[in-house]
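1. Got a sequence here, can you build the structure:
(one chain, ligands or ions: 1)
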Amino acid sequence: MQSSELELARQDLAADRHRLAEIDRVGDAWTLGPRRNERINRHLRAALADAGLASGRVLEVGARAHPRLDVFAATHWTYEVLDIEDGSCDVPVVVGDITDCGELASESYDVIVSVDVFEHINRPWLAAAEIARLLRPGGLSYTSTLFAWRYHPVPIDYWRFTPDCLDFLFSDLTRVDSGFDTTERRRDIRGRGRRDQVPVDALGGFRENWRVFHVGRKPWR
Ligand SMILES: C[S@@+](CC[C@H](N)C(=O)[O-])C[C@H]1O[C@@H](n2cnc3c(N)ncnc32)[C@H](O)[C@@H]1O
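-> The predicted structure is shown next:
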């Protein structure tokens, strides 16, 4: 190889390293701000404050790990969990299916929350209808699910959503807010999930992580 060709090859290599470092920098940018649960809890607290809701009965759906508990820790909230599977949770779990939970009384909850659950529900339209039924008039629903994320069967991974889809599913409620959270869009989650079955290679893995949320309110009659 001529020395000038060698120099060009070195420059190409340096440019590649620079590009890869840039990609890593963008991929790590999400670590600079509040973490996921913190962002969700902050958004939920703001929605509760806007709705003037500071006490009442809360149902968190699919919350074996109950990361929302600190939002509702104060004694004027009653926090309950509904999950299709019982788990290692120090909050009592009502084992039930949100798509068909006639055992829970209509209009008996002030707030219903679900985070990372709708993508695991086989018939999410029934879940949205049940949430609308369970909320008392004026009650608030907060749903966070996924538009883009790796395949993660917990126990089964069925769906991905857009804000338009959530607006449609929750059309019995008045829409307060819906949209995307792309903070972790370039987060590198290759091989991170316990049940991750996405193939990983040197160039990538799953690199589009978009959360999608919907906040709705049951109309007063
Ligand atoms: C990925 S986990 C979500 C964990 C939790 N919400 C969090 O933020 O860490 C999904 C949960 O939804 C539950 N689930 C799935 N289908 C359900 C259904 N039809 N009714 C109630 N819970 C369901 C699963 O058992 C699981 O606990």
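
2. Quick check: which ranges of this protein have low pLDDT?
-> The chain contains residues with pLDDT under 70 at 1-2, 88-89, 191-206.

3. Spell out which residues of it are next to the ligand.
-> Neighbours of the ligand within the chain, by CB under 6 Å from any ligand atom: 61-65, 67, 82-85, 97-99, 115-117, 120-121, 154. Where you see a C-beta, it was placed from the backbone N, CA and C, and this is true even at glycine.

4. Of those residues, just the buried ones, PyMOL syntax please.
-> A single PyMOL command selects the buried members of the residues of the chain next to the ligand (16 or more other CB atoms under 10 Å):
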select buried, resi 61+62+63+64+65+82+83+84+97+98+99+115+116+117+120+121
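
5. Tell me which entries of the residues of the chain next to the ligand lie within helices.
-> Using DSSP state H, no member of those falls within helices.

6. when you check the residues of the chain next to the ligand against the strands, which ones overlap?
-> 61, 82-83, 115 (DSSP state E).

7. who does the longest strand seen in the chain pair up with?
-> Determined from DSSP E, the single longest strand within the chain is strand 135-148. In the sheet, strand 135-148 lines up against strand 109-115 (parallel), strand 210-217 (antiparallel) (DSSP bridges).

8. Let me know how buried the closest residue to Cys101 other than its chain neighbours is, in neighbour terms.
-> In this structure, Cys101 finds its nearest non-sequential neighbour in Glu130, 5.7 Å apart by CB to CB, 6 or more residues apart in numbering. Counted with other CB atoms under 10 Å, residues neighbouring Glu130 total 22.

9. what angle do the particular helix or strand that has Glu130 in it and strand 210-217 make?
-> Secondary-structure assignment from DSSP states H and E places Glu130 in helix 124-134. Computed by axes from the mean of the first three to the mean of the last three CA atoms, to 10 degrees, the angle separating helix 124-134 from strand 210-217 equals 30 degrees.
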